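Student: need a 3D model of the sequence below.
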Amino acid sequence: MATEKKKLRLAEEIAREAARFLEMESNRNSLITVTGVTLSEKNSRATILLSVLPESEEEKAVAFANRRAGGFRKFLGQAARMRRLPKITFIIDRGEKNRQRIEELSHTQ
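Tutor: Numbers count the residues shown, from 1 in each chain. As a prediction, the model looks like this:
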């Protein structure tokens, strides 16, 4: 129970710091939103889920974020003072994208 709570707090902190980092580093051509973080069992890997507007900029935004993953890891180490930093990967949040599409379809009927 305590480890699940700790993992949730860690994921929330990584999400918060990722949002700050991407806001500082991005070129403002697109709106990049951190929608969640999933951690591996031993917290050695963190997958950061992103939503990007406009959708036409998704590939560029994810490529940019993954190029800057090392810089984010360093930023995270300084901001969060974590002992062991996870390997970082950024991906598009398909679940959020699907939810938005369902909502859009329900409003058109």
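Student: phi and psi next, for residue 39.
Tutor: phi -110, psi 150 (degrees, to the nearest 10).
Student: wait, is residue 89 part of a helix?
Tutor: No - per DSSP: H, G, I helix; E, B strand; the rest coil, residue 89 lies outside any helix segment and is strand.
Student: do you know the pLDDT at the closest residue to it other than its chain neighbours?
Tutor: Leaving aside its sequence neighbours, residue 89 sits nearest to residue 47 (CB to CB, 6 or more residues apart in numbering; 5.0 Å). (Each C-beta comes from the backbone N, C-alpha and C, glycine too.) We have a pLDDT of 98 for residue 47.
Student: ok, residue 18 next?
Tutor: Per the predicted model, pLDDT is 98 at residue 18.
Student: could you do residue 98 as well?
Tutor: Residue 98 is assigned 76 on the pLDDT scale.
Student: ok, and what's touching whichever strand or helix holds it?
Tutor: For residue 98, the element it lies in under DSSP states H and E is helix 94-108. Helix 94-108 is contacted by residues 35, 49, 51 when judged by CB atoms under 8 Å, 6 or more residues apart in numbering.
Student: in JSON lines, list these along with secondary structure, distance to residue 59 and neighbour count.
Tutor: Below are the contacts of helix 94-108 laid out as JSON lines (DSSP: H, G, I helix; E, B strand; the rest coil; distance: CB to CB, whole Å; neighbours: other CB atoms under 10 Å):
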{"residue": "35", "secondary structure": "strand", "distance to residue 59": "17", "neighbour count": "16"}
{"residue": "49", "secondary structure": "strand", "distance to residue 59": "15", "neighbour count": "19"}
{"residue": "51", "secondary structure": "strand", "distance to residue 59": "14", "neighbour count": "20"}
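Student: and of those residues, the nearest to residue 76?
Tutor: Proximity of the contacts of helix 94-108 to residue 76 (CB to CB) peaks at residue 49, which lies at 16.1 Å.
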